[in-house]
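Trainee: Make a model of this:
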Amino acid sequence: MPVVTVSRLFGSGGGEVAHRVADALGWTLLDNAMVDAVAERLGVPVTEVSEREERVPSVVERVTRALTLATPQWTPAVADDRQPDESDIIEVTRRVIDEAVQHGPCVVVGRGAQCVLAERGDALHVLCHAPRPALVRRVAARLGVTDAEAERQVLETNRQREHYVRRHWQREWLSARNYHLCLDTEWLGIDGAAHVIVELARKRLAIGG
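Mentor: Below you'll find the predicted structure:
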């Protein structure tokens, strides 16, 4: 089944672009629904997954996990044995993506989907980006925070996404080699970026519309 993956810099509006693409094509959108599916399969609250996905664990988290595994009787007060570890989330996310693609055409947002589905010939991989000032403006407006706080969140979130892809797939997240299409959402606008993706999907993935 054909699939479009949309990777996005935080603040680029890539999630909105993906939503418009899915609506225009009539395809399933896998974004927040993926978090729900992963949490359900792991048997944990949605917040457990949403707070840990697309980020790498801190040094403290990694040390705590290693000590817990090495010495089961040592359980720090902050540890929770019910929490899935990093590898659990990655493996279940991979399965959810694979099953969604097998079920029907879909648009997958982030979560390393461009790496999981890198070898598929019926996939269109897209990166949505924008200049940093545009990222900051969008985040500040969306979250109602100062420009300084928005810039901090932009830098930290994108740093985490970059490390996430490098750690689990040994790829450089922003390398153009991972994508068929890199779109500046500040220049094209959200609707313009979605239109480019839809037209290319219809042409290159041999679908109707």
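Trainee: what about the helices in this protein?
Mentor: Listed in chain order, the helices of the chain (DSSP state H) span 14-25, 32-42, 46-50, 59-70, 86-103, 113-116, 132-143, 147-169, 185-204.
Trainee: if you compare these, which one is most tucked away?
Mentor: Of all the helices of the chain, helix 113-116 has the most neighbours on average by mean count of other C-beta atoms under 10 Å, namely a mean of 23. Where C-beta positions appear, they are placed from N, C-alpha and C, glycine not excepted.
Trainee: Report the backbone C-alpha coordinates of that helix in CSV.
Mentor: C-alpha atoms of helix 113-116 as CSV (Å, rounded to 0.1, in the frame of the first residue of the first chain):
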residue,chain,number,x,y,z
ALA,A,113,8.9,6.3,9.7
GLN,A,114,11.2,7.5,6.9
CYS,A,115,13.7,5.0,8.3
VAL,A,116,11.3,2.2,9.1
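Trainee: got a list of contacts for that helix?
Mentor: Residues from elsewhere that reach helix 113-116, judged by C-beta atoms under 8 Å, 6 or more residues apart in numbering: 3, 5, 7, 94, 97-98, 125, 127, 165, 168-169, 171, 178-179.
Trainee: The same query, at a cut-off of 7 Å, please.
Mentor: If you take C-beta atoms under 7 Å, 6 or more residues apart in numbering as the criterion, helix 113-116 is touched by 5, 7, 94, 97, 125, 165, 169, 171, 178, 179.
Trainee: Residue 132: which of these is nearest?
Mentor: When the contacts of helix 113-116 are compared for distance to residue 132 (C-beta to C-beta), residue 7 wins out at 17.0 Å.
Trainee: What's the local residue count around the closest residue in space to that closest one that isn't next to it in sequence?
Mentor: Nearest residue to residue 7, sequence neighbours excluded (C-beta to C-beta, 6 or more residues apart in numbering): residue 127, at 4.8 Å. Neighbour count for residue 127, taken as other C-beta atoms under 10 Å: 23.
Trainee: these two touch, right, residue 127 and residue 4?
Mentor: No - counting by C-beta atoms under 7 Å, residue 127 does not reach residue 4; the two are 11.8 Å apart.
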